[in-house]
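K.L.:
Next comes the sequence, and after it the predicted model I'd like to discuss.
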Amino acid sequence: MVANIAASAYATISTLVVLATRSRSAATGFAQTIIVFDVTIVGLLFSANGSALAVGIIGYKGNSHLQWNRVCNFFDSFCDRIAISIVLSLVASFAFIGLVALAVLSLQKRFAPRSSN
């Protein structure tokens, strides 16, 4: 949840900053910096999703080695909500990585060597 909040706050701030510096000539170097931070946020989102999924599986199956019982036997709606939230977070993470890919392609088109036909 903290990673999702951090990613949302970062996306909002970076969108506002990019819109404010869009017309300046130094925006290209700034765009490269933003892409590096975007990729970092994507890594943070996917690692948080993996952690949440691991804890969710422990709640679903339990852990006999540590004597942790299954939680989903007692709290069905809780486990359903956790599963839905993990799926939605993964969908949002893939959307974010798609947006990063579009930004990289846009930056690549800006610097691609032009053919002299």
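P.N.:
Ah, there it is.

K.L.:
which residues sit against stretch 85-103?
P.N.:
For stretch 85-103, contacts defined as C-beta atoms under 8 Å, 6 or more residues apart in numbering pick out 4, 7, 11, 31, 34-35, 38-39, 41-42, 45-46, 48-49, 52-53, 56. Quick note: C-beta positions are derived from backbone N, CA and C, even for glycine.

K.L.:
List the buried residues of it.
P.N.:
Across stretch 85-103, burial judged by 16 or more other C-beta atoms under 10 Å covers 86, 89, 90, 93, 96, 97, 100, 103.

K.L.:
Just the mean pLDDT for it, thanks.
P.N.:
With pLDDT averaged residue by residue, stretch 85-103 scores 90.

K.L.:
now swap in stretch 36-51 and tell me
P.N.:
Averaging pLDDT along stretch 36-51 gives 92.

K.L.:
That stretch: how far from the chain's middle?
P.N.:
Distance of stretch 36-51 from the chain centroid (C-alpha atoms, centre = their mean, to the nearest Å) equals 5 Å.

K.L.:
burial measure for residue 45, as a count.
P.N.:
Residue 45 has 21 neighbours, counted by other C-beta atoms under 10 Å.

K.L.:
so when I look at it, I'm seeing a helix, right?
P.N.:
Yes: assessed by DSSP: H, G, I helix; E, B strand; the rest coil, residue 45 belongs to a helix.

K.L.:
what sits against it?
P.N.:
By C-beta under 8 Å, 6+ apart, the contact list for residue 45 reads 3, 4, 7, 89, 92, 93, 96.

K.L.:
what helix or strand is the nearest residue to it once chain neighbours are set aside on?
P.N.:
Counting by C-beta to C-beta, 6 or more residues apart in numbering, residue 45 lies nearest to residue 93, which is 4.3 Å off, once chain neighbours are set aside. Taking DSSP states H and E as the criterion, the element that holds residue 93 is helix 76-111.
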